[in-house]
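Enquirer: Take a look and give me a structure for this.
(4 chains)
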Protein chains: 2
Amino acid sequence: MQKYSGETRILVATDCIIFGFDGFKIKLLVVQRGLEPEKNKWSLMGGFIQPSESPDDAANRILELRTGLKNVYMEQFHVFGRPDRDPVERTLSIAYFALIDIHKYEKQLSEEYHPEWFLLNEMPELIFDHAEMVKLALRQLRYKAALHPLLFQLLPEKFTIPQLQALYEGVYQTKFDDRNFSRKLLSTGLLVKLSEKDKLSSKKGAFYYQLDQSHYEENFESFLNLVPNPEKFF
Amino acid sequence: MQKYSGETRILVATDCIIFGFDGFKIKLLVVQRGLEPEKNKWSLMGGFIQPSESPDDAANRILELRTGLKNVYMEQFHVFGRPDRDPVERTLSIAYFALIDIHKYEKQLSEEYHPEWFLLNEMPELIFDHAEMVKLALRQLRYKAALHPLLFQLLPEKFTIPQLQALYEGVYQTKFDDRNFSRKLLSTGLLVKLSEKDKLSSKKGAFYYQLDQSHYEENFESFLNLVPNPEKFF
DNA sequence: TCAAAAGTGTTCCGTCTACACCCATGT
DNA sequence: ACATGGGTGTAGACGGAACACTTTTGA
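Expert: Numbering: from 1, shown residues only, chains lettered A, B, ... in the order given. This next block holds a predicted model:
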């Protein structure tokens, strides 16, 4: 079978937006770009799709190549395609995003491209339209996290309710009522209480919980209401 | 500035999934494919992105080219990129979807590619992975329509509440309680009651309403609850 | 004993559901 | 008069918001 003739083929890249939580703040992972133009400037982890790989495969390969991170669940969320978004040559970019527990992946991070975590409001200037991508990804994150039990994934195996609350407060840049938050959270039935307590952040100590994995998977699409008035944040 | 060397460029298409409502049922618009392979088989409206157009522009151009439809608000929703999805040559497809009032666009439809509306459960076989695209788009439609005032757009300027309910019931393939539906709907404040009644479908007659346009625009992102237990439908 | 953080109880209120019932009108 | 579909009223369950209060323990 012959090819489609007379049509223009285009470079297609994927860019990965990786949000992480270190227990206190939400951060974004960026690397130093390895090729001209804009070499050594801060950039999302990006690269070109190869002839025989799917966009999902490309995103995973590129993330590992640039940072060393493996087995991160990323979701495709938008194609950026302004014809002039890359000054060198027209390039479409399929953007992916993910959320991770920074400590859990700490050891995997390779130094080759100098990956670095930045606080959202201390982000350096990013190349091309990457700042716009981050903005849209954050919006998407807030949207999904307001409706579904998504942020639970950013925490270590065992975590306390105040930690999870800090995470939500980080994502939405606001404060929630501790008392209602914990009650709502427990009422979801997604958590299993452990006997151990975390005594570091308070005198009373907060019980550790872990995800009820099977419950979590079957309720992943269910609607939560941990964030009051979510539309306020979009 | 030179080009990126050593990278493979890929064909990129857009495909448009157009859902329509004729007052009774939800339908999908498809055309007969104009080129080999699979020429004359049923297909979504698709075509290749040109060098200097954005994906959004391409989707609009292609929709008009294939069907004659102009000024349809479409939303990008997913990239389909399995390397072998097009047997001729690797092609990525950026899928767009939209919802329209069939009657409103009836006159614009051009006959060149034999566009035709099919009921969702009477769809012919579609080429490539187009059936999968439709399935995902329908899921997306149900998701968004359960949360936001989206379906209102599918109706003519003036419409009755039972008509709107029939539309929701078509999208979710189920029945809602008429009494609660109309009360919830009115409580959104998005509708303006007209003095005229539609007497065709009942003896008592149902009042016509129209969208309160300014309200609608500012509340487009607000959350509705016209669909009980929406997670049931995903 | 006091301070600090975790977490529970309680009250108020608005919203959803289910369903009885009333309304308007063509036949 | 009565059948038909359009719509309102109402009672009970439920869940969220606000906030007083109790619990635990280190200093």
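
Enquirer: Within range of DNA strand D, give me the residues from chain A.
Expert: For chain A, the contact set with DNA strand D under C-beta under 7 Å from any atom of the strand comprises A:177, A:179, A:180, A:184, A:187, A:199, A:203, A:204, A:205, A:225, A:228, A:229. Glycine gets a C-beta too; all of them are placed from N, C-alpha and C.

Enquirer: Let me see the contact set for the residue nearest to residue A:147 when sequence neighbours are not counted.
Expert: Closest residue to residue A:147 apart from its sequence neighbours, by C-beta to C-beta, 6 or more residues apart in numbering or on different chains: residue A:223 at 5.5 Å. Listed by C-beta atoms under 8 Å, 6 or more residues apart in numbering or on different chains, the contact set of residue A:223 reads A:147, A:148, B:230, B:231.

Enquirer: Could you report the pLDDT at the first one?
Expert: Reported pLDDT at residue A:147 in the predicted model: 92.

Enquirer: thought it was touching residue A:231?
Expert: No - if you go by C-beta atoms under 8 Å, residue A:147 and residue A:231 don't touch, sitting 11.1 Å apart.

Enquirer: These two: which has the busier surroundings?
Expert: residue A:147 (20 against 14; other C-beta atoms under 10 Å in any protein chain shown).

Enquirer: Pull the contacting residues for that one.
Expert: By C-beta under 8 Å, 6+ apart, the contact set of residue A:147 is A:223, A:224, A:230, B:147.

Enquirer: so what's the closest residue to residue A:123 other than its chain neighbours bridging to?
Expert: Closest residue in space to residue A:123, ignoring its immediate chain neighbours: residue A:28 at 6.2 Å, by C-beta to C-beta, 6+ apart. Beta bridges link residue A:28 to residue A:19, residue A:118 when assigned by DSSP bridges.

Enquirer: May I see the buried residues of stretch A:64-76?
Expert: Within stretch A:64-76, the residues scored as buried using 16 or more other C-beta atoms under 10 Å in any protein chain shown are A:64, A:65, A:66, A:67, A:68, A:69, A:72, A:74, A:75, A:76.

Enquirer: contact partners of it?
Expert: Against stretch A:64-76 from outside (C-beta under 8 Å, 6+ apart): A:16, A:18, A:29, A:31, A:45-47, A:55-56, A:59-60, A:63, A:94-98, A:100, A:105, A:108-110, A:112-113, A:115, A:153, B:78-79.

Enquirer: let's see it at 7 Å
Expert: Contacts to stretch A:64-76, defined as C-beta atoms under 7 Å, 6 or more residues apart in numbering or on different chains, come from residues A:16, A:18, A:29, A:31, A:45, A:47, A:55-56, A:59, A:63, A:94, A:96-98, A:100, A:105, A:108-110, A:113, A:115, B:78-79.

Enquirer: Quick check: buried residues in stretch A:137-153?
Expert: Buried-residue list, stretch A:137-153, by 16+ other C-beta under 10 Å: A:137-138, A:140-153.

Enquirer: from the contacts of residue A:223, which is closest to DNA strand C?
Expert: Lowest distance from DNA strand C to the contacts of residue A:223 (C-beta to the nearest atom of the strand) belongs to residue B:230, with 9.8 Å.

Enquirer: how about the residues of chain A that lie near chain B?
Expert: Counting by C-beta under 7 Å from any C-beta of the partner chain, the residues of chain A close to chain B are A:1, A:3-4, A:7-12, A:37, A:48-55, A:76, A:78-79, A:81-83, A:87-90, A:92, A:94, A:221-223, A:231, A:234.

Enquirer: Are any of the residues you listed buried, and if so which?
Expert: Looks like these have A:7, A:9-12, A:48-50, A:53-55, A:76, A:78-79, A:81, A:83, A:90, A:92, A:94, A:222 buried, using 16+ other C-beta under 10 Å.

Enquirer: Cross-check the residues you listed against DNA strand C and keep the overlap.
Expert: Of these, not one also sits near DNA strand C (C-beta under 7 Å from any atom of the strand).

Enquirer: among those, which are in strands?
Expert: A:11, A:12, A:48, A:76, A:78, A:79, A:92, A:94 (DSSP state E).
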